[in-house]
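Undergrad: Fold the following for me, if possible:
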Amino acid sequence: MNPLTARPITLELYGAPGALGEVALEARSIIAKPWKPHKFGATLEIARGFVRVRRASWDLACELAARGTTMHDVRLAFPALVVSDWTDLPFVLASLPWEAVFGNDEPLEIRTESFPGAMPHGGRLRLEIEDFFDARGFRAPEDDEPFTRLEFTAADNHLRVRVSLGGDALHKRGWRARTGTLATLREDLAAAALLRLSNLEPRVRAVGHIAVPFAGSGTLGVEAWHALYGLPPAIWGEERSWQRQTHPTPESLEWWRNRTLTAARAATLPPITFVERDARQTRELEANITKVRSVLREANVELPEITVQQGDAFDVPDELIVPSGVVTLLPLHPPYGLRLARDSDMEALYARLG
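TA: Residues are numbered from 1 along each chain as shown. Below is the predicted model:
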């Protein structure tokens, strides 16, 4: 019996800066309406810098990683291990069920942090841990290869171990064909801001059209689909650590894929109008929208109308941005710096918006 899936586990959920409230809210909603029943009765609390989920099941861990829009990472947290001195370290590491977590061909990225105590030297801690895993056939990732991140924190006489279920950051959804060259907004930060807006203004849920006047690479528009309309980030097919851990069967992986597709097809996505004045940024935006269309079409998700308009948002006809008779959401990420005209200033910008 796999000790990781048969017993309750503890998770730590990390989000965008200042967005722990949204992370907790989203986690609660996932726990309340799960794709799979969760057998241990998970409880949730906001800790310092993360949201802790106790008595979680492995299926709940997978759901949070697959469905969460505001989460930077979901980490499996092992109980703190007592370490008296350096000679204890190999035995303490060997006590954890690594073989149950992943196969010995999994690429690992190891991060360490040391504070005063039994193992105060961060460099030595890293080398000792790398030697432990090297001896067991694990290796470092190569190029853009998917990997699992392990984090080790030594303080006093304890070692804390966390395993990332995201691998690479979960805010990197995989829908972008190109990352913007101008001040690209993080996906989880955009999703958290939109969720907060929807909580403050319930009419957001009645929106029938989204217009993004300063579109950039498209983040606010696409993330509105994730945060407000139920499109799971896992739809984009970016392989994550949770999909490779605990030696999943092909049937298990197929179940998760089908469940993600079911959720995506149930989402009612409103049409979006993107407006961007910078030519280079518009090309990146169009490349991203082309990829979005391709992935959703392949997943058999009904495509809403997506319009990309190059030009100054203030010169675009009003009916294109705010169609008559339709509640429109205009998420604004004002274009500071290069994307403003050289003779513009913030006062003039907001006067025009008003």
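
Undergrad: switch to C-alpha atoms for all contacts and neighbour counts from now on
TA: OK.

Undergrad: And the strands in the stretch 201-350 of the chain?
TA: 209-212, 272-276, 306-310, 328-329 (DSSP state E, counting those that start in this stretch).

Undergrad: Ranking those strands by mean neighbour count, which comes first?
TA: The highest average neighbour count among the strands of the stretch 201-350 of the chain, using mean count of other C-alpha atoms under 10 Å, belongs to strand 272-276 at a mean of 25.

Undergrad: Scan the helices and strands of this structure for the one with the lowest mean pLDDT.
TA: Between all helices and strands in the chain, the lowest mean by mean pLDDT, DSSP states H and E belongs to helix 346-353, at a mean of 60.

Undergrad: can you redo the strands of the stretch 201-350 of the chain as JSON lines with distance to Pro97 and mean pLDDT?
TA: Formatted as JSON lines, the strands of the stretch 201-350 of the chain follow (distance: least, C-alpha to C-alpha, whole Å; pLDDT from 0 to 100):
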{"stretch": "strand 209-212", "distance to Pro97": "47", "mean pLDDT": "93"}
{"stretch": "strand 272-276", "distance to Pro97": "47", "mean pLDDT": "93"}
{"stretch": "strand 306-310", "distance to Pro97": "48", "mean pLDDT": "93"}
{"stretch": "strand 328-329", "distance to Pro97": "48", "mean pLDDT": "88"}
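
Undergrad: Those: which one's closest to Ser294?
TA: Ser294 sits nearest to strand 306-310 of all the strands of the stretch 201-350 of the chain, at 12.6 Å, using C-alpha to C-alpha.

Undergrad: Name the surrounding residues that touch that closest one.
TA: Strand 306-310 is contacted from outside by 271-279, 282, 286, using C-alpha atoms under 8 Å, 6 or more residues apart in numbering.

Undergrad: got the strands of the stretch 201-350 of the chain as a markdown table, with distance to Pro17 columns?
TA: Converted to a markdown table, the strands of the stretch 201-350 of the chain look like this (distance: least, C-alpha to C-alpha, whole Å):
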| stretch | distance to Pro17 |
| --- | --- |
| strand 209-212 | 23 |
| strand 272-276 | 26 |
| strand 306-310 | 30 |
| strand 328-329 | 24 |
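
Undergrad: Out of those, flag the one nearest Ser29.
TA: Closest approach to Ser29 among those (C-alpha to C-alpha): strand 328-329, 23.2 Å.

Undergrad: Mind checking the strands of the stretch 201-350 of the chain for the one nearest to Ala154?
TA: strand 209-212 (45.7 Å).

Undergrad: For the closest one, which strands pair with it and how are they oriented?
TA: Strand pairing for strand 209-212, using DSSP bridges, gives strand 272-276 (parallel), strand 328-329 (parallel).

Undergrad: What number of residues are in the vicinity of Glu239?
TA: Using other C-alpha atoms under 10 Å, Glu239 has 17 other residues around it.

Undergrad: what's the distance between the residue nearest to it when sequence neighbours are not counted and Gly137?
TA: Spatially, and ignoring its direct neighbours in sequence, Glu239 is nearest to Pro146 (7.0 Å; C-alpha to C-alpha, 6 or more residues apart in numbering). The gap separating Pro146 from Gly137 is 17 Å, by C-alpha to C-alpha, to the nearest Å.

Undergrad: Look at these two and report which has more neighbours.
TA: Pro146 (19 against 12).

Undergrad: Could you confirm that one falls within a helix?
TA: No: applying DSSP: H, G, I helix; E, B strand; the rest coil, one finds Pro146 to be coil, outside a helix.

Undergrad: where exactly do the helices run in this structure?
TA: 3-6, 20-32, 58-67, 89-94, 98-101, 122-134, 187-200, 219-229, 250-266, 279-298, 318-321, 346-353 (DSSP state H).

Undergrad: helices or strands next to the first one in the packing?
TA: Right, the one you point to is helix 3-6. helix 98-101 (3 or more C-alpha pairs under 8 Å, 6 or more residues apart in numbering; DSSP states H and E).

Undergrad: ok, and for the helix it packs on, which residues are buried?
TA: By 16 or more other C-alpha atoms under 10 Å, the buried positions in helix 98-101 come out as 98, 101.

Undergrad: Off-centre distance for it?
TA: Centroid separation for helix 98-101 versus its chain: 24 Å, with C-alpha atoms, centre = their mean, to the nearest Å.

Undergrad: what does stretch 226-245 rub up against?
TA: Residues outside stretch 226-245 that contact it (C-alpha under 8 Å, 6+ apart): 62, 65-70, 101-103, 146-148, 164-168, 173-175, 191-192, 194-195, 198, 205, 225, 253, 260-261, 263-264, 266-269, 295.

Undergrad: ok, back up a step: got CSV for the helices of the chain, with distance to Phe115 too?
TA: What follows is the helices of the chain, written out as CSV (distance: least, C-alpha to C-alpha, whole Å):
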stretch, distance to Phe115
helix 3-6, 29
helix 20-32, 26
helix 58-67, 29
helix 89-94, 15
helix 98-101, 25
helix 122-134, 8
helix 187-200, 30
helix 219-229, 38
helix 250-266, 39
helix 279-298, 43
helix 318-321, 54
helix 346-353, 45
